[in-house]
Every structure is written in C-alpha cells, then in structure tokens.
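Novice: Please find the sequence and the predicted model below.
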There are 2 protein chains.
Amino acid sequence: MNLPPLVQTFVLHFGEMGSRWGINRTVGQIYALLYLSKEPLNAEDIVERLGVSRSNVSMGLKELQAWNLVRLQHKPGDRRDYFATPDDIWQIVRTLVEERKKREIDPTMTLLREVLMQEPASAEERHAQERMREMHDLFELLTGWYADVQRLDTERLIQLLTLGSKVQKILEMKDRLFVVPGSKKSRREDPKEK
Amino acid sequence: MNLPPLVQTFVLHFGEMGSRWGINRTVGQIYALLYLSKEPLNAEDIVERLGVSRSNVSMGLKELQAWNLVRLQHKPGDRRDYFATPDDIWQIVRTLVEERKKREIDPTMTLLREVLMQEPASAEERHAQERMREMHDLFELLTGWYADVQRLDTERLIQLLTLGSKVQKILEMKDRLFVVPGSKKSRREDPKEK
DNA sequence: CTGAAATTTCAGAATTTTCTGAAATATCAG
DNA sequence: CTGATATTTCAGAAAATTCTGAAATTTCAG
C-alpha cells in the first residue's frame, strides 16, 4: 500500500468498516481512497496505491457503480476510465440511504405484505403475524418520514437536523395549540386531525 | 428447520438480511425466531426449530446478548436460560441504533479527530484532511440530532415522524418569523443565534 | 460434596467470500 | 481493418467466516 500516512489510516479504517456493512474490504478501501482524492483516479492508480490486483479493482469499481456511489469520468485524449465520488458529501449520504432502502427495506416490506395476506393456521402463527404487522407499520412510518425528509434541499435538511432538541419544544407548542388541555388521556382519542 | 411456514419465511429472510448487515445467518435467524415467538425460548428450543448445532446457538445467543438485543429470563423450577426480545419494537430500534453508533460511528469519530489533529505534509494530505473534516462535521451533526431525538419518549417520536412533510412548513414558518427577508445570502452571516 | 443438567469453549471441518492471474473481450487511434 | 491499450470475466487459489462435535466448565439440586 503506497499512500501518505494520513490517507492510509483512513483507508484502512474504512476497509475494516466495510466488513461490518456487508461490503468487502477492497471496496471500502477504494471508496475511501476516491473520497479523499482531489483528482479522479483510474483503475491503475488505484492498483498502485492500494496494492491489490487489477481484477480486484475492476470488480470493486463495478460494485461501487452498481451502488451509484462513484461517477465515471473521462479526460480529454485519454481513453481510460476515471472515477470520483461526488464533491458534495450530502449527495453521498442521500445515495447511500436510498440504495440501502432499495436493497434492504423494500424487499423486506414486500415479504411482510405477502406474509400478512396469508391466513394464520394456528395461535402461534397468529401471534407471529401480529409481530410482523408491528414491524411492517414501523417500517412504513420510517420510510414515510424518510420520503418527506429526503425531498428537502440540503440547506433545510441541515436546518432541521440542527434544530435537534428544539423539535420537542415545537411539538409541545403544537400540542398546546391544537389539543384541548386538562385531560392527560385526551391523546388516546386522536380526533381525526386534518 | 421445523417451523410453521409463515414463521419460516420470515426467519429465512432475516437470516439472509443478516449477512448484509455484518451479522451471520444463524444469528439473524435466532433473532427473527425470538422476535416472532410469544413465549421466551431456551437454547434447546432454538436448536430444534432452526436445525443448527447447540454450540452454534450458544455462540449466536452470546452475540445477541453482547448487542443487548435479547433479554435473559428464567422460569421457576427450571434452571435453563430463556431468551426473549423486548415486547416493544421501539425499544428494539433504539437498541439497534445505539449499538451501531457505539460500534461504528464512535470509533470512526475518534479516528477522524486524531487524524485531523495531525499536520498535513503535502497538498494531497491537506485536501484529504479537508474531506475528513467534512465527514467529521457531518457525523457530528447527525449524532447531535440523534442524541436529541433519542431522548424523546416514543409517543413524541412517533408524532415527530408522522409529521413528515409538515416539517418543511414549520421550518418555513420559522424562517419567516426569525430571519430578515429580502437577502438570499443573509444565511452566510449566521448571526450566532442563541 | 456429588453428579446430572446446562452452557461454553475451541480445534478443526465445511462453507462462503474474496482475491488473483490468465485469458477473453471491448475500444479506438491510425 | 489492425494492433495497442483498457477493461472484464472467470476458474481456481487463498483467506476468512461459520459451524460442528467433543471436551471442558459451570451451576445447582439433593
């Protein structure tokens, strides 16, 4: 591995982290390298810096492209492929979340919907189905929230995240404005707010 | 594998999903099984239902305990260990997020802080450090938001998530109330709001 | 204590994943 | 076209992970 120490530390760390995320070490290292690099790199650059085989880099880049995590570029008068990550780190986050949702949440939701359609054949299955419905509803809530937030432009997204603890205040304010006070239980009635 | 069809479908799916999350198939299956089960199960129950070895179950349960994802219980007059997931699915989500943060985000932040302390020895390292700072700041924003939201009780959390698209409206309202209109650039000044 | 039951540990087998080098394929300037 | 350059494919080697059975350890009732 042929990298400035500072870069190498980061690249090695992301290689290891990759493993915990179902992404292999080399793919993690390639991505880390591209992320830190000012200029786009071609496959041979990556081979030299990471000290892995050309074919390994080829497969790694293919996987990163399948994840939409790298952009393919060309330099004039050079027919090699150059790769880079988006300059905007928020774009990277959005892509990561989107792709993970597509690969993990969506298929799970499909399966849950299918299983919830079936007739339980026993008390055991009835309880299992109830648990699956809880999970289904949870995922629906989370993906619904994500669908909304994901549409915000980055500036508003940052604003929202920065708001943090103040969010609670806003919710309390909303309560005070819209809910008749006096009854702690009044929430349960949930008067079809429009 | 000796399970009602409906349960088996779910258990197999989570076994596969586990792989994508750096958790092995058996661990995923054990967790799925416990999640769906009405009653706590002991190790031998799990062996029978999943058809894997006793030692594999032992190791899987140990891992799930390390993740704080299962509770150990005892039945009177029975000295075997029984395992269950929390009844409250939100508790499960909170634990999952907390543990992943502890294992993935926190060590990464530590590394980033260390590397950002060092003196860059070249233009390349200077740029790399700049990128690392972007990532550091992003993580800081996200974990700060998380720290706040995590404190909300479940009811308010659901309220917040349900709010979804309305969030943007609230932010716009906040803008209109607190920011002097007329200048698109006024943001850059960021007047140390308290 | 004792010994049966329950659980854990761990070395090596089985399986899966990752990686490589060689060959095949694709691309494009001339 | 041709051949030089670039990229991909893929079979098998290498490495890593997962799983098992046997042995060791722990726990506890009697």
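Specialist: Noted; the coordinates are in hand.
Novice: need the next SSE after the longest helix seen in chain A, C-terminal direction.
Specialist: Determined from DSSP state H, the single longest helix within chain A is helix A:123-151. Moving toward the C-terminus from helix A:123-151, the next helix or strand (DSSP states H and E) is helix A:154-163.
Novice: re the thing from before, quick check: angle from the longest helix of chain A to helix A:154-163?
Specialist: Here the directions of helix A:123-151 and helix A:154-163 differ by 120 degrees (axes from the mean of the first three to the mean of the last three Cα atoms, to 10 degrees).
Novice: buried ones in helix A:123-151?
Specialist: By 16 or more other Cβ atoms under 10 Å in any protein chain shown, the buried positions in helix A:123-151 come out as A:124-125, A:127-129, A:131-132, A:134-136, A:138-139, A:145-146, A:148-149. Where you see a C-beta, it was placed from the backbone N, CA and C, and this is true even at glycine.
Novice: Also stretch A:116-123?
Specialist: By 16+ other Cβ under 10 Å, the buried positions in stretch A:116-123 come out as A:Pro120.
Novice: Could I get the average pLDDT for it?
Specialist: Averaging pLDDT along stretch A:116-123 yields 96.
Novice: again with stretch A:13-31
Specialist: 93.
Novice: which residues sit against it?
Specialist: A:11-12, A:32, A:46, A:50, A:52, A:56-57, A:60-61, A:63-64, A:69-70, A:85, B:19-22, B:103-104, B:108, B:111 (Cβ atoms under 8 Å, 6 or more residues apart in numbering or on different chains).
Novice: Can you measure across that stretch, start residue to end residue?
Specialist: One end of stretch A:13-31 to the other measures 12 Å (Cα to Cα, to the nearest Å).
Novice: who are the neighbours of the helix or strand hosting A:Glu44, in terms of helices and strands?
Specialist: A:Glu44 is part of helix A:43-50, with elements assigned from DSSP H and E. Applying 3 or more Cβ pairs under 8 Å, 6 or more residues apart in numbering or on different chains; DSSP states H and E, one finds that helix A:43-50 contacts helix A:25-36, helix A:54-66, strand A:78-84.
Novice: nearest to B:Val7, of the ones you listed?
Specialist: Nearest of the helices and strands packed on helix A:43-50 to B:Val7, taken as Cβ to Cβ: helix A:54-66 at 32.6 Å.
Novice: Surely A:Gln65 touches A:Asp81?
Specialist: No: taking contacts as Cβ atoms under 8 Å, A:Gln65 lies outside contact range of A:Asp81: 9.9 Å.
Novice: And DNA strand D, is the helix holding A:Glu44 touching that?
Specialist: Yes: using Cβ under 7 Å from any atom of the strand, helix A:43-50 reaches DNA strand D at A:43-44.
Novice: That helix close to DNA strand C?
Specialist: No: Helix A:43-50 lies apart from DNA strand C when judged by Cβ under 7 Å from any atom of the strand; the minimum separation is 8.5 Å.
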